[in-house]
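Q: okay, here's the prediction I keep looking at, along with the sequence it came from:
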Amino acid sequence: MRYSTGLLLVATAATLWSLIALAIRLIEAADTWAVLFWRSAAMIPVLGLFILWRSGGLVGPVRAAGWAGLVGGFGLVLAFAGAIFAIRTTTVANAVFLFAASPFLAALLGRLLLAERVRPVTWGAIGLAMAGMFLMVREGLSLGMGPGNAAALLSALGFATFTLALRWGRLADMFPAILIGAALSCAVAALVSGWQGGTLAVPARDIAIAAGMGVCLLSFGMILYTLGSRVVPAAELTLLSMIEVLLAPVWAWAVLAETASRGTLVGGAVVLAAVAINALAGLARPAPAPSPDAPWRRRAGGAICAPGQQGRKERHGCPGT
């Protein structure tokens, strides 16, 4: 695959993901758990067929994911549910800017749990991102958006947990773990909905939007991103993924006439600046050669799994909200 083709695929994936927040806002009757259930249910066959096509089997790759895949899957449950709730209870701009902090949460967790080295420039970027998040969360509390902000941060933590699980288990392929996450999301959504007295029998329009999100925006976007990431350096992937964060508030403004507050825009700009600084520093650093005892590094498709080669939103290791 040519580099220009890889760029186009990754940019297209980020653009698809940028439409997820708008799609969630267009759902009328379904609550968070119903949206999570139907979206995840639609993802399962698409992800399963892609794994089958690429690996020649389904059970083997899922079983090979092991405990790391299970931990990552539960991380995605938190990430997906938190993102849906956040987008419905705070502004789209506020939610997606807070999601963008996930790579820094992954770096902190990696340092604490896996003893991974964090570069000095990344520590500086983490401090800058925390300042931006403080600006957004402080204003959100004064505007009554505290629960939405908290959910967005929990979602970012869930994506960071997913990314960390991939690195911990040295999983070269993220798709079996995402499939596990989708299946767990369905189960958790059904259980919580029943416990709360809710229902999954929502209007057909809402089911169609949620399923369309799962198939066209999330799953198809992940496939495009994975294919393109094979020829695009990790730091460039991070920069390209910012297309999602920049476009999502634009769609909300164009279709829903939703505007962002000054605090959200300033705080979001600070967070994105931190992401860009960290990514640009990665561009200037020579890529580490894979060690002979770590063949998984060579198999990893681009930046998804290998430490020091983090790709999009390590939030997203699994992209998209």
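A: Cool, got the structure.
Q: report all helices and strands that the longest helix seen in the chain contacts.
A: Longest helix in the chain by number of residues, with DSSP state H as the criterion: helix 59-89. Packed against helix 59-89, as judged by 3 or more Cβ pairs under 8 Å, 6 or more residues apart in numbering; DSSP states H and E, are the following elements: helix 20-26, helix 32-55, helix 92-99, helix 146-169, helix 175-195. Every C-beta, even on glycine, is put in place using the N, C-alpha and C of the backbone.
Q: as a markdown table, the ones you listed with distance to residue 220 and mean pLDDT would be great.
A: As requested, those are exported to a markdown table (distance: least, Cβ to Cβ, whole Å; pLDDT from 0 to 100):
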| stretch | distance to residue 220 | mean pLDDT |
| --- | --- | --- |
| helix 20-26 | 12 | 93 |
| helix 32-55 | 7 | 93 |
| helix 92-99 | 19 | 83 |
| helix 146-169 | 19 | 85 |
| helix 175-195 | 13 | 93 |
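Q: picking up where we left off before, and the angle from the longest helix of the chain to helix 146-169?
A: Interaxial angle, helix 59-89 versus helix 146-169 (axes from the mean of the first three to the mean of the last three Cα atoms, to 10 degrees): 160 degrees.
Q: could you give the mean pLDDT of helix 59-89?
A: Averaging the model's pLDDT scores along helix 59-89 yields 90.
Q: now that helix, how far from the centre of its chain.
A: 10 Å (Cα atoms, centre = their mean, to the nearest Å).
Q: ok, and what's touching stretch 93-102?
A: Stretch 93-102 is contacted from outside by 21, 83, 86-87, 129, 132-133, 136-137, 140, 145, 148-149, 152-153, 155-157, 159-160, 163, 242, 244-245, 248-249, 252, 260, 264-265, 267-268, 271-272, 275, 313-316, 321, using Cβ atoms under 8 Å, 6 or more residues apart in numbering.
Q: please redo it, this time with the cut-off set to 6 Å
A: Contacts made with stretch 93-102 from outside it, assessed by Cβ atoms under 6 Å, 6 or more residues apart in numbering, are listed as 86-87, 129, 133, 136, 152-153, 156, 159-160, 245, 248-249, 260, 264, 268, 271, 275, 313-315.
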